[in-house]
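Q: sharing a model that was predicted from the sequence below.
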Amino acid sequence: MIRIGVTDTMGSEHKFQKYLTWLQTGGVPLESVRLSYSLGNAQTSGSCSGLLLTGGHDVDPSLYHGPSNHPRITSTDIRRDEFERKLLDRALQRGIPVLGICRGLQLANVHFGGTLFPDLEESGYPSHRCDTWECRHKIIVQPASGLGAITGQREGTVNSSHHQGVDRVAPTLHAVARSEDGIIEALEMDPSSGLPFFELVQYHPERMDDADNPFAKRLLEGFLASISVFIEQS
């Protein structure tokens, strides 16, 4: 059976359960394992064949030399940051498929040497967060990319719920999708890494109510298929 390590959102249990429910919609028998510094179970990731980095807190700005007292950065958890960076390193060492969502994309970018906009509006971009409903916007995908191959799409509509975003892309990552206002919506690892699947998306596929949207459905199918291949080859 597929066993996927899912990082704890360390906040709303309802939001954490959204990820688990979404994984189950892939139609493949699987077990989800909650990974958290509060559980002290980083070693458990060694028995998982896939890693899902979830959304949640802002990444601590000290990790990318950002402003230490920014008024719009109100929720950070450096213990979570460091715990998940350790999980990322272990995942890369083992070569297991990795999917990062929202904060997961931002953390991975910072971990590999990139930086973030502390706040999109302050940096001159429109807000990508709505207070009373879920924002939706168009994204444009590079055709010669893993995300393009997985979804079969060059553009589409996704949801949005973030006030930060990628500024400088980490040296080993590549931007493969952007919103119409230029914000990076997906990153991938350099193909030379040899990893079977390393997709990072800024949007939230687990919250999208249009279940057949290829940026949710096919992304999940691609993640699960890559895990199955990893298990077969292990």
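A: Right, received. Where do you want to start?
Q: contacts, neighbours, all on C-alpha from now
A: OK.
Q: show the subsequent helix or strand relative to the helix or strand containing residue 90.
A: Per DSSP states H and E, residue 90 falls inside helix 78-94. Under the assignment DSSP H and E, the closest C-terminal helix or strand after helix 78-94 is strand 98-101.
Q: average pLDDT across that next one?
A: Rounded to a whole number, the mean pLDDT of strand 98-101 is 98.
Q: again with stretch 78-94
A: 97.
Q: same deal with stretch 137-146?
A: Rounded mean pLDDT across stretch 137-146 is 95.
Q: ok, stretch 64-72 next?
A: The average pLDDT for stretch 64-72 rounds to 90.
Q: got the CA positions of that stretch in CSV?
A: Taking C-alpha atoms only, stretch 64-72 is exported to CSV below (Å, rounded to 0.1, in the frame of the first residue of the first chain):
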residue,chain,number,x,y,z
TYR,A,64,15.9,34.0,3.6
HIS,A,65,17.3,37.2,5.2
GLY,A,66,13.9,38.9,5.1
PRO,A,67,12.7,41.6,7.4
SER,A,68,12.6,40.4,11.0
ASN,A,69,9.7,42.7,12.1
HIS,A,70,7.5,42.9,9.1
PRO,A,71,4.0,44.0,10.2
ARG,A,72,2.2,41.6,7.9
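Q: chain center to that stretch, what's the gap?
A: A distance of 22 Å separates the centroid of the chain from that of stretch 64-72, by CA atoms, centre = their mean, to the nearest Å.
Q: then stretch 92-110?
A: From the chain centre to the centre of stretch 92-110 is a distance of 6 Å (CA atoms, centre = their mean).
Q: mind listing what's buried in it?
A: Neighbour counts over stretch 92-110 (16 or more other CA atoms under 10 Å) mark 95-110 as buried.
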